[in-house]
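Q: Structure, please.
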Amino acid sequence: MSIASKGMQRCITVISAIALAFAALGIRPLRTSSVEADEAYLNQLTKEIAILVNEARVENGLSPLYSVPLFYEWSAIRAQECAQFWSHKRPDSSSYSTVIDRDAVDAYGSAEDIAAGSSTAAMTFEQWRNSPKHWAAILGSSYTHIGVGVAYDASTPYRWYWEILLINCEGDVEGQYIPTRNETVPKACGDLTGDGVVNSYDYITLTDYLSAKDRSVVPLLNELQMEAADCFKDGQVNVNDAKALQRYLLGEYRNLPFVF
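A: As a prediction, this is how the structure comes out:
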């Protein structure tokens with residue numbers, strides 16, 4: 001039932017999805033045939049949504065929601081379905097809730113939020129914040145667990161599709177955990193994703209951050225990621241750092257941080 005087991009293509013081109021953000025920031029795209037978002041990148045986005053949801057709940061005096069890998073698989077299925085059939089109903093016209101395997105979990109209630117069009121977790125979360133019904137679901141006091149799914153399909157009108165399952169479970173669920181901001185630990189300057197390699201994923205993460213910041217949307221980078229993003233080590237993270245990271249990836253700079 002996972003993205004991989006459903007046969008979803010692991011590598012998805014996202015150059016077109018972020019081109020507008022690059023233009024707004026005055027950054028030229030990387031000269032590469034494709035910048036790809038694989039399962040690891042999509043997983044990073046789902047984690048960002050879960051953290052934003054929990055921070056909002058805590059700010060409103062509510063308990064954070066436990067993430068469960070199985071629930072994320074269900075949400076991934078729903079996100080893919082929404083890319084083809086934009087509805088809280090599934091393609092067979094059944095309710096979204098039928099994606100929940102009742103034999104696997106004791107679920108006593110659920111809600112679903114869906115969104116489309118935004119390429120970042122922060123902007124998607126603002127879509128839900130600005131919708132009373134979606135926001136009410138996120139702040140539902142009865143929910144205990146969450147699943148998050150993201151799908152990208154360049155052949156569809158909105159390209160990016162997001163889904164969260166909010167579930168009221170009886171007791172603990174196997175594999176449950178509460179994600180935290182500091183899970184991503186960069187290994188070097190420019191390594192924003194924490195995978196130990198400075199590559200196009202880090203460039204996308206940085207330009208997404210700058211795009212969200214430009215729109216006055218609170219972006220999601222922890223303190224260690226912010227330090228890794230400061231490619232000039234001048235105490236600021238701005239478009240110049242994105243240009244430095246780009247030039248490093250193109251081979252124009254040999255090392256990061258860049259020193260004049």
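Q: The closest residue to residue 106 other than its chain neighbours - how many residues pack around it?
A: Using CB to CB, 6 or more residues apart in numbering and skipping the chain neighbours, the partner closest in space to residue 106 is residue 170 (4.1 Å). Any C-beta I mention is one placed from the backbone N, CA and C, and that applies to glycine too. The tally of other residues near residue 170 (other CB atoms under 10 Å) stands at 10.
Q: just checking, residue 170 touches residue 108?
A: Yes - look at residue 170 against residue 108 with CB atoms under 8 Å: they come within range, at 6.1 Å.
Q: quick revisit: and the residue nearest to residue 106, what are its phi and psi?
A: Main-chain dihedrals, residue 170, degrees, to the nearest 10: phi -90, psi 110.
Q: Could you find the closest non-adjacent residue to the spatially most central residue of the chain?
A: Nearest residue to the geometric centre of the chain (CA atoms, centre = their mean): residue 45, 1.6 Å. For residue 45, ignoring the flanking residues on the chain, the nearest one in space by CB to CB, 6+ apart is residue 150 at 4.8 Å.
Q: ok but the one you found is inside a strand, no?
A: Yes - assignment of residue 150 by DSSP: H, G, I helix; E, B strand; the rest coil places it within a strand.
Q: roughly how far apart are it and residue 195?
A: Residue 150 sits 18 Å away from residue 195, going by CB to CB, to the nearest Å.
Q: Is it correct that residue 74 is in contact with residue 100?
A: Yes - between residue 74 and residue 100 there is a contact at 6.2 Å, judged by CB under 8 Å.
Q: what touches both of the two?
A: Both residue 74 and residue 100 are in contact with residue 165, where contact means CB atoms under 8 Å, 6 or more residues apart in numbering.
Q: Who has more neighbours out of these two?
A: residue 74 (24 against 19).
Q: neighbours around the closest residue to the more buried one other than its chain neighbours, how many?
A: Nearest residue to residue 74, sequence neighbours excluded (CB to CB, 6+ apart): residue 99, at 4.7 Å. Residue 99 has 23 neighbouring residues, counting by other CB under 10 Å.
Q: Could you do residue 222 as well?
A: Neighbours of residue 222 under the rule other CB under 10 Å: 18.
Q: for it, phi and psi?
A: Per-residue torsions, residue 222: phi -80, psi 180 (degrees, to the nearest 10).
Q: ok, the nearest residue in space to it that is not next to it in sequence to residue 224 distance?
A: The spatially closest residue to residue 222, leaving aside those adjacent along the chain, is residue 181, at 4.2 Å (CB to CB, 6+ apart). Counting by CB to CB, the gap from residue 181 to residue 224 is 9 Å.
Q: again, but for residue 101
A: In terms of CB to CB, residue 101 sits 37 Å off from residue 224.
Q: I appreciate the help and will end here.
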